[in-house]
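In: This is the structure alone, sequence omitted:
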């Protein structure tokens, strides 16, 4: 299961279920609950589900499941994919790196993110990758 990137409030997002073999139908689940079913052609190896007018409450986990065509039976559900919805009414956080100068291969660095106005969770992304490499909740103090 893969989503289109850069999902903001109000956007339309396309979730793509990649099929490893011919399927009769594909189902989409939201937080483990059935949401939609799509019939597919024998030649299709991807089923697309569109979600229009994205709201913050759509920022959940989605999974796909399919019914095999050649070998009847239902697949396991896919690994869950989290949908991250960006609200542009919040200003972006600040980021700093330490050390700031040259870094030797294999040495440690510290990445610090902050936002003065809002207590917020931070998701650290590596450039070119949609999945966060670290998730940090705000401190209680």
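Out: Structure's in. What do you need? Keep in mind it's a predicted model, so treat the numbers as computed, not measured.

In: for residue 40, what are its contacts?
Out: 19, 23-26, 47, 66 (CB atoms under 8 Å, 6 or more residues apart in numbering). Every residue, glycine included, has its C-beta placed from N, CA and C.

In: got the contact list for residue 82?
Out: 59-62.

In: give me the beta-bridge partners of it?
Out: residue 61 (DSSP bridges).

In: shouldn't residue 8 be in contact with residue 88?
Out: Yes - between residue 8 and residue 88 there is a contact under CB atoms under 8 Å: 6.1 Å.

In: most neighbours, which of the contacts of residue 82?
Out: residue 62 (24 neighbours; other CB atoms under 10 Å).

In: before we move on, the earlier item: closest to residue 124 among the contacts of residue 82?
Out: Distance to residue 124, by CB to CB, is smallest for residue 59 among these, at 17.4 Å.

In: gap between that closest one and residue 93?
Out: Distance from residue 59 to residue 93, counting by CB to CB, to the nearest Å: 18 Å.

In: same question, residue 20
Out: On the measure of CB to CB, residue 20 and residue 93 end up 39 Å apart.

In: Between those two, tell me which one has more neighbours.
Out: residue 93 (13 against 9).

In: Identify the residues contacting that one.
Out: Here residue 93 is in contact with 113-115, 120, 122 (CB under 8 Å, 6+ apart).
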